[in-house]
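Colleague: here you go, sequence then predicted model.
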Amino acid sequence: MEELLAGRFTMEYAGAQFRLSTDSMVLADFAAFPRGAAIADLGCGCGALSLLLCAGDAQARLTGVELQPDAAACARRNAGRNGLTERFTVINGDLREHRTLLPHGAFDGVISNPPYYPAGSGRAAENEALALARSELACTLDDLCQLHESILSIAAVPSGVTRYRKGLYPLTPYDRETAAQTLNILEEYGRRCVKEYGTRLIYPGDEWYLAAERPVPESDFYEEYAQLENGVGMWRLYRDEFLGALAHSRTGRRIRRMDVVTGTLAAPLIQEMMEALHGRHPSVKVTVHPIRNNFFGGNVGVAGLVTATDIIAQCEGRLSSGTLGVPAVMLREEKDTFLDDMTIEQLGQRLGVKVEVLPTSGGDEAKALLRSGLHIARRRRP
């Protein structure tokens, strides 16, 4: 069977292999790597994730590691059929033998879309290939911990389950109880790593704490925020930086009204910060609009996947000011466009407002909201 990726590349996959789903597309768009980075794709399957990264960056270099020979061969064919053999190479091997498979220090980053389920859980797979792709049969968290000398950190985040899963294996989103159970396991692994290796190594994503309705840990939990680019610890860092900048801001600001949009996950935090802003500067009033993600559907609630289509549908006729603040994380890299290809200018025209792109960090956003003339802050790669 053949799939079209990013409007540019095509890929095939054998019937016995795990089919392409929106998980790979969302992960490829979410991942933050420097332009032209050398990236290792662990458990690359038929190469979908690597192909998507190649489509997004014409200079990126991918090395896929795949345990199953048939899937590795399929990934090589997909690289060839798209003219990417110089940029996407595939190694058939076990990632636990990475010392012999991958040159030390050769990569700028690592990406992986790993199996979802513990061995023996859920519905039985139709064949061995699918079983290896969806269940933890070949590599577990314990195996990764044994690689602590080579792995700087591990981020554990829940998969976003979209509505585009027709014909795919059904996935059940985490609820409060299952998120809490998972969080207990991840935190126990972290405590064990701190005791044995002197570092936490494993960092649960913020989404686990929000879903489990638990307080997000203090900043020392995240050590040096090694997984910040993957959103882990972003809630804590944003809050601390925002309140820090607010505490040092001068009072006596002129009257200002503004609307801002965010995802449903971050909405409670943003609302709390805007109330703190108003408490210190009563003349400044920011109205928060949580945007439900109908474009992707399912349980997708992160701000980075909000589209202009959903903003228009949920904000048209409901804004309280003539200025709309949009977090920079909602835009594609080095562009003024959302994931649905609508531009900032088009959004402003549809809503009849001036659109301001707000910085990502909490401290910078607090300063931007208090400036006499907000400027459009473009995201730049480091």
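Modeller: Structure's in. What do you need? Residues are numbered from 1 along each chain as shown.
Colleague: which SS class is residue 288?
Modeller: Assigned with DSSP: H, G, I helix; E, B strand; the rest coil, residue 288 falls in the strand class.
Colleague: partner residues bridging it?
Modeller: Beta-bridge pairing for residue 288 (DSSP bridges): residue 260.
Colleague: quick check: mean pLDDT across stretch 30-50?
Modeller: Throughout stretch 30-50, pLDDT has a mean value of 88.
Colleague: ugh, wrong one, stretch 300-317
Modeller: 94.
Colleague: now swap in stretch 342-355 and tell me
Modeller: Per-residue scores along stretch 342-355 average to 96.
Colleague: and that stretch, C-alpha only, in CSV?
Modeller: What follows is stretch 342-355 as a C-alpha-only set of coordinates in CSV (Å, rounded to 0.1, in the frame of the first residue of the first chain):
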residue,chain,number,x,y,z
MET,A,342,-3.7,30.0,7.2
THR,A,343,-1.5,33.0,7.8
ILE,A,344,-1.5,35.5,10.7
GLU,A,345,-2.7,38.2,8.3
GLN,A,346,-5.6,36.0,7.1
LEU,A,347,-6.6,35.3,10.7
GLY,A,348,-6.6,39.0,11.5
GLN,A,349,-8.7,39.8,8.5
ARG,A,350,-11.3,37.1,9.3
LEU,A,351,-11.7,38.2,12.9
GLY,A,352,-11.3,41.9,12.2
VAL,A,353,-8.5,42.4,14.8
LYS,A,354,-4.8,43.1,15.0
VAL,A,355,-3.0,39.8,15.7
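Colleague: contacts for it, please.
Modeller: Applying C-beta atoms under 8 Å, 6 or more residues apart in numbering, the contact partners of stretch 342-355 are 259, 307-309, 311-312, 315-316, 319, 321-326, 331, 336-338, 357, 376. For every residue, glycine as well, the C-beta is placed using N, CA and C.
Colleague: which of those residues fall within strands?
Modeller: Among those, DSSP state E puts 259, 323, 324, 325, 326, 357 in strands.
Colleague: residue 291: which of these is nearest?
Modeller: Using C-beta to C-beta, residue 326 is the member of these that lies nearest residue 291, at 10.2 Å.
Colleague: what is the neighbour count of that closest one?
Modeller: Residue 326 has 24 neighbours, counted by other C-beta atoms under 10 Å.
Colleague: I figured it hits residue 357, correct?
Modeller: Yes: in this structure residue 326 lies within contact range of residue 357 using C-beta atoms under 8 Å: 5.5 Å.
Colleague: skip the chain neighbours and tell me the closest residue to residue 355.
Modeller: residue 348 (4.3 Å; C-beta to C-beta, 6 or more residues apart in numbering).
Colleague: so which helix or strand takes in the one you found?
Modeller: For residue 348, the host element (DSSP states H and E) is helix 344-351.
Colleague: same list (the ones in strands among the contacts of stretch 342-355) but as CSV, adding distance to residue 93.
Modeller: Listed next are the ones in strands among the contacts of stretch 342-355 as CSV, based on distance: C-beta to C-beta, whole Å:
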residue, distance to residue 93
259, 52
323, 54
324, 50
325, 48
326, 44
357, 43
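Colleague: that'll do, ta.
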